[in-house]
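[1] no FASTA, just this:
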């Protein structure tokens, strides 16, 4: 089976990315189910920062796609203000506060455009969460959105490297959000995001 978790930054700068997921995610899940002929549980979750309406808005895994779409459709982007967001709190919630099926393929799509805060306690929290994720076989797939700078790219790439995930980034080809950083990953192939998500999920499920 497949446990698929989405952790999405919903601060004010993430409006276009949130709208994309609200429009496309259900079709992505249906395509994965039909292509791989597997059972899929999905959890959609959202985070902002201190002083905002919430830090993390979390939902449990469910196989009910209509329930997932309802949770996703109810969200809107707001808050933020400064550049760093509560990345460490979101990461802790995704890894430690969800009922992951021990026998499933476990993937987290971490959709964000800002780095974590710089305090030592934040760095320690992220290190602990990444260690637990690696031990549980939870692969983190950051989706770097518009507004990402090189420090944020470095952080998100480390999430992928330390958990066996894949670093995914939006480009100006997407038409989603504002201007996008020219990624430092070297040669890369540009794909439509929904098609890329289906491919990446399939690759991990099939052990490629």
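    Yes, it's here. What you see is a predicted model; the values in this text were computed from it and never measured.
[2] quick one: the helices in the chain?
    15-36, 65-73, 87-96, 120-136, 150-163, 193-205 (DSSP state H).
[3] and the first one, what does it pack against?
    Based on contacts counted as 3 or more Cβ pairs under 8 Å, 6 or more residues apart in numbering; DSSP states H and E, the elements that helix 15-36 packs against are strand 2-9, strand 40-47, helix 65-73, helix 193-205. Every C-beta, even on glycine, is put in place using the N, C-alpha and C of the backbone.
[4] so that helix versus strand 2-9, what angle?
    For helix 15-36 against strand 2-9, the angle by axes from the mean of the first three to the mean of the last three Cα atoms, to 10 degrees is 170 degrees.
[5] quick one: average pLDDT of helix 15-36?
    What helix 15-36 shows for mean pLDDT is 95.
[6] how about the helices and strands packed on helix 15-36 in CSV, adding mean pLDDT?
    As requested, the helices and strands packed on helix 15-36 are exported to CSV (pLDDT from 0 to 100):
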stretch, mean pLDDT
strand 2-9, 98
strand 40-47, 98
helix 65-73, 98
helix 193-205, 94
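[7] TSV for the ones you listed, including mean neighbour count and distance to residue 138?
    Listed next are these as TSV, based on neighbours: other Cβ atoms under 10 Å; distance: least, Cβ to Cβ, whole Å:
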stretch	mean neighbour count	distance to residue 138
strand 2-9	24	8
strand 40-47	23	12
helix 65-73	15	19
helix 193-205	18	11
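[8] out of the helices of the chain, which one sits most buried?
    With neighbours defined as mean count of other Cβ atoms under 10 Å, the helices of the chain peak in mean count at helix 87-96, which reaches a mean of 22.
[9] ok, and what's touching that one?
    Contact with helix 87-96 is made by 5, 7, 9, 45, 47, 55-56, 58, 108, 110, 112, 114-117, 122-123, 125-126, 128-130, 132-133, 136, 138, 140, 155, 159, as judged by Cβ atoms under 8 Å, 6 or more residues apart in numbering.
[10] just stretch 195-205 next, same as before
    If you take Cβ under 8 Å, 6+ apart as the criterion, stretch 195-205 is touched by 2, 4, 28, 31-32, 35-36, 38, 105, 107, 109, 139, 141, 166, 168, 191, 208.
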